[in-house]
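Chemist: Quick check, what structure comes out for this input:
(one chain, ligands or ions: 2)
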Amino acid sequence: MKLLRSLVLLLCITMLSPLRADEGMWIPALLGVLNEAEMQSMGLKLTAEDIYSVNQSSLKDAIVKFGGGCTGEVISNRGLLLTNHHCGYGRIQSHSSVENDYLTDGFWAMSQAEELPNPGLSVTFIVRIEDVTKEMFDGIDENTSQEDREAMLSEHSEAIVNRITEGTHYEAEVMPFYYGNEYYVIVTEIFKDVRLVGAPPSAVGKFGADTDNWVWPRHTGDFSLFRIYSGPDGKPAEYSEENIPLKPRHSFPVSLKGVNAGDFTMVYGFPARTNEYLTSHGVELIQNVEDPIGIDMRQDILDIMEKEMGSSDKVRIQYASKQAGVANAWKKWLGRVRGLERDDAIAKKQAEEQEFLKRIAAKEEWQEAYGGLLNEFEGLYAEIRPLTYGMRYFSEAGYATEAFRFANRLGRSLKAYGDGSDEEAATAAIEDMRKASVGHFKNYHAPLDQQVMATLMQSYAEAEEVPAQYRPRALAAHVAESHAGDYNAWAADVFSRSALTDPERFETMLADFSPEKLAGDPIYSLMGEMISLYFAVQPEYGRVNSEIQDRYRIYMKALREVYSDKTFYPDANFTLRVTYGKVEGMQPNDGIVYKHYTTLDGVIAKYVPGDREFDLPQKLIDLNESRDYGQYAQDGELRVCFIASNHTSGGNSGSPVINGDGHLIGLNFDRNWEGTMSDVNYDVNQCRNISVDVRYVLFIIDKYANAGYLIDEMELIK
Ligand code: ARG
Ligand code: GLU
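Modeler: Ligands and ions are numbered 1, 2, ... in the order given. Here you go, the predicted structure:
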């Protein structure tokens, strides 16, 4: 049976050589060569030059990296910017208070004067993307040692960046693609005055919250609006009242024409990280080691959070954003493990590897260069496995306790404090600690953090798969001795004594500060043990990992040589990419069909009055009752979300979903549960991206918020 399945798989792979169009995250600068013809055959009416150009304005000029991890797009010639509600969430929260609870009630600036500045938030435009592979490899060949290689690469990269940015206000970064087989320099322009314009209430923008997260069918209006400002000269500038709305080189016209099954779509944004070319060993490690550890540890944290948040409104609000972050990755990993198992991804990879071996055997030169690669992977992955246990436990358990993170932050100030003999530096360092403490204690509930520490440190200390030298053994011995092995009692004791878990004790410590006091704090010294664990495992892990990465460089080169009829796309690396496919439903399971869109009626059907996740504002219910959809309806319905076969990843949140005419039809914000495996195993039968229909966005702005002046700014295509 197993054999038969492998045979069938092998057969599929051999037949399926050219990728199905939907898979791939393409470099915008290469569309003309690699994708234009296919995109046009699927319904694109633009040219590659319309999508990306260095000489004239193109779609890329309306797209930004938003803050640290999302995408946004410009939708008016006055710098109006659209992104997800969950991307603006932290900013919306930071402007919120009990009196002005914008998270709950939403926020709408009714004029430019009412827009809210966001210190620290920036948006990044791409000026151009240039192939610099030749220059990077100057003087490097296969005989160059890895050490020399790395040194020369970083020298070349610095020279390129200097040459490009000199005399400009641009920034530049050289990035490896195809595991370092190619290099591109990304030239950027960064705007730093970005103001909040509008956000729907969470009951719309986060409707369905964690229950619906990563799931289709979906009914979330996951959007928020910002505005980019420039200095009076049109160039980037820090916030100032003098600043003016950005005059962008391009802004997206917004389509009201409708979204239909089979329509061409593309998503243009900043996917962060994919690993599509892992060997079977790499997939196995994710499926059986990395994700399961993350899932287990976070399950514990979420249980603790649920209990504490459920018993107090204050804690519920304090931990809203933190809980969302913990839950989001937890649920993605759950879906990914399930998807990989069900898709038999490891076997699929093994079959591909057999095929690869067969092909290279046909050519002596290949056999010589690549014949040993897969065995090397096997050896290296066996070596990294225990180290991965160590790293993963460290990163999940070590970062989970908020007081540890605070301790780590204080470590930096302590360094600046020195021995205290420089009085000015010492005073500044204490002030810095005080400032850090404000952030730490603002949304802090010590009883919750205490349970997290107790539970996760116990798991970490007792995890038998982690080699003993990478486990917190000193801690375990201490808990055994002082508290008969009871981690809860130990944590209670530590938390009652530490200054890092209570603002008053912290202030008392600062008032009469000495480095010894901080160093002697029970949490601070525990952090010391954590850091030494990190330095025990990380260098080893890093060494093996860099060997693995170097093998992938060769493997990638080999794949491209051996399958020269196939076009390979580079893994996502947080650079600008285009992915395309079409609007389409799917069949997740025998007997189940996913339609390609959802409606406002469906939102109302999920309504649970007073519920944390499924409550709704009365006004939305009324609007639906009166069928007051204005120009935003299609066939008498108001569509809310749709799915399409675009290959997206984390970081694509907020990306524009664009039709064949280059007009905006939606806003990407998620993937379906079955398809969360797509970062390592894209399967067009199981993977869809989820978008808000742009007409739902307009409907909320216009009919719900009465902010029609914003609609007037946009160019609507009817
Ligand atoms: N799953 C989406 C993403 O990865 C949305 C996350 C925000 N929503 C949430 N309930 N946490 O970003
Ligand atoms: N929600 C994700 C993000 O914030 C995008 C969806 C995905 O991972 O596909 O980037």
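Chemist: residues in the protein within reach of ligand 2, list them.
Modeler: 70, 648, 649, 650, 651, 652, 653, 669, 670, 671 (C-beta under 6 Å from any ligand atom). C-betas here are computed from N, CA, C, even on glycine.
Chemist: From residue 180, how far off is the closest residue to ligand 2 within the stretch 151-300 of the chain?
Modeler: The nearest approach of the stretch 151-300 of the chain to ligand 2 comes at residue 272, 7.1 Å away (C-beta to the nearest ligand atom). Per C-beta to C-beta, to the nearest Å, residue 272 is found 18 Å from residue 180.
Chemist: From ligand 2, how far off is the residue lying farthest from the centre of the chain?
Modeler: Centroid-distance maximum for the chain: residue 421 at 43.8 Å, with C-alpha atoms, centre = their mean. Plainly put, residue 421 is 47 Å away from ligand 2 if you go by C-beta to the nearest ligand atom, to the nearest Å.
Chemist: do residue 119 as well
Modeler: Distance from residue 119 to ligand 2, by C-beta to the nearest ligand atom: 22 Å.
Chemist: OK, contacts around the residue of the stretch 301-450 of the chain found nearest ligand 1?
Modeler: Residue nearest to ligand 1 within the stretch 301-450 of the chain (C-beta to the nearest ligand atom): residue 324, separated by 3.8 Å. Counting by C-beta atoms under 8 Å, 6 or more residues apart in numbering, residue 324 touches 86, 89, 209, 210.
Chemist: For the second one, grab phi and psi.
Modeler: When read as degrees, to the nearest 10, the backbone of residue 89 gives phi -50, psi -50.
Chemist: neighbours around it, how many?
Modeler: By the criterion of other C-beta atoms under 10 Å, residue 89 has 21 neighbours.
Chemist: what's the pLDDT at it?
Modeler: pLDDT recorded at residue 89 is 92.
Chemist: now the last one
Modeler: As summarised for this prediction, residue 210 has a pLDDT of 91.
Chemist: ok, back up a step: reduced to three states, what does the residue of the stretch 151-300 of the chain closest to ligand 2 come out as?
Modeler: Assigned by DSSP: H, G, I helix; E, B strand; the rest coil, the conformation of residue 272 is coil.
Chemist: Now the closest residue to ligand 2 within the stretch 601-718 of the chain: which helix or strand?
Modeler: Distances from the stretch 601-718 of the chain to ligand 2, computed as C-beta to the nearest ligand atom, single out residue 653 as the nearest residue at 3.0 Å. In this structure, residue 653 sits in neither a helix nor a strand according to DSSP states H and E.
Chemist: And it, how far from ligand 1?
Modeler: Residue 653 is 5 Å from ligand 1, where distance means C-beta to the nearest ligand atom.
Chemist: And for residue 222?
Modeler: 7 Å.
Chemist: How about the residues of this protein by ligand 1?
Modeler: 86, 209, 210, 213, 214, 324, 327, 328, 650, 653, 669, 670.
Chemist: Skipping adjacent residues, who's closest to the third one in space?
Modeler: To tie it back to what came earlier, the one meant is residue 210. Sequence neighbours aside, residue 327 is the residue nearest to residue 210 in space, at 4.9 Å (criterion: C-beta to C-beta, 6 or more residues apart in numbering).
Chemist: Help me confirm that the one you found comes into contact with residue 213.
Modeler: Yes. Taking C-beta atoms under 8 Å as the definition, residue 327 is a contact partner of residue 213 at 7.1 Å.
Chemist: By proximity to ligand 1, which residue of the stretch 601-718 of the chain wins?
Modeler: residue 670 (4.4 Å).
Chemist: Over to that residue. Which of the three states is it?
Modeler: Going by three-state DSSP: residue 670 is strand.
Chemist: same thing with residue 29?
Modeler: With three-state DSSP as the criterion, residue 29 reads helix.
Chemist: Quick check on the nearest residue to it once chain neighbours are set aside: phi, psi?
Modeler: Leaving aside its sequence neighbours, residue 29 sits nearest to residue 129 (C-beta to C-beta, 6+ apart; 4.5 Å). Recorded main-chain torsions at residue 129 are phi -130, psi 120, according to degrees, to the nearest 10.
Chemist: can I assume residue 129 is in contact with residue 183?
Modeler: No. If you go by C-beta under 8 Å, residue 129 and residue 183 don't touch, sitting 11.1 Å apart.
Chemist: ok, now how distant is whatever residue of the stretch 1-150 of the chain ends up closest to ligand 1 from residue 242?
Modeler: The minimum distance from the stretch 1-150 of the chain to ligand 1, using C-beta to the nearest ligand atom, falls at residue 86 (3.7 Å). Distance of residue 86 to residue 242, given as C-beta to C-beta: 32 Å.
Chemist: helices or strands up against whichever strand or helix holds residue 282?
Modeler: Using DSSP H and E, residue 282 sits in helix 280-285. When contacts are defined as 3 or more C-beta pairs under 8 Å, 6 or more residues apart in numbering; DSSP states H and E, helix 280-285 packs onto helix 345-361, helix 373-400.
Chemist: what's the nearest residue to residue 588 if we skip its chain neighbours?
Modeler: Computed as C-beta to C-beta, 6+ apart, the closest residue to residue 588 that is not its neighbour in sequence is residue 674, at 5.0 Å.
Chemist: helix/strand/coil for the one you found?
Modeler: Per three-state DSSP, residue 674 ends up helix.
Chemist: What of residue 444?
Modeler: Quick answer, by three-state DSSP: residue 444 is coil.
Chemist: you'd agree it is up against residue 405?
Modeler: No. With contact defined as C-beta under 8 Å, residue 444 does not count as touching residue 405 (10.9 Å).
Chemist: Let me have the helices and strands packed on helix 280-285 in JSON lines, extended by mean pLDDT and mean neighbour count.
Modeler: Below are these laid out as JSON lines (pLDDT from 0 to 100; neighbours: other C-beta atoms under 10 Å):
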{"stretch": "helix 345-361", "mean pLDDT": "97", "mean neighbour count": "18"}
{"stretch": "helix 373-400", "mean pLDDT": "96", "mean neighbour count": "19"}
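Chemist: Next, format the ones you listed as JSON lines and append distance to residue 94.
Modeler: Compiled in JSON lines, those are given as follows (distance: least, C-beta to C-beta, whole Å):
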{"stretch": "helix 345-361", "distance to residue 94": "40"}
{"stretch": "helix 373-400", "distance to residue 94": "22"}
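Chemist: Among those helices, which comes closest to residue 99?
Modeler: Of all the helices and strands packed on helix 280-285, it is helix 373-400 that lies closest to residue 99, at 32.5 Å by C-beta to C-beta.
Chemist: Can you spell out which helices and strands pack onto that closest one?
Modeler: In terms of contacts (3+ C-beta pairs under 8 Å, 6+ apart), helix 373-400 is packed against helix 280-285, helix 291-310, helix 345-361, helix 446-462, helix 522-562.
Chemist: After it, heading C-terminal, what element do we hit next?
Modeler: That would be, after helix 373-400 and using DSSP H and E, helix 402-417.
Chemist: ranges for the helices of the stretch 51-200 of the chain?
Modeler: 85-94, 102-105, 133-136, 146-165 (DSSP state H, counting those that start in this stretch).
Chemist: The residue farthest from the centre of the chain looks like it's in a helix, true?
Modeler: No. Applying three-state DSSP, one finds residue 421 to be coil, outside a helix.
Chemist: Tell me the spacing between the spatially closest residue to residue 374 that is not a sequence neighbour and residue 212.
Modeler: Closest residue to residue 374 apart from its sequence neighbours, by C-beta to C-beta, 6+ apart: residue 353 at 5.7 Å. With distances taken as C-beta to C-beta, residue 353 is found 38 Å from residue 212.
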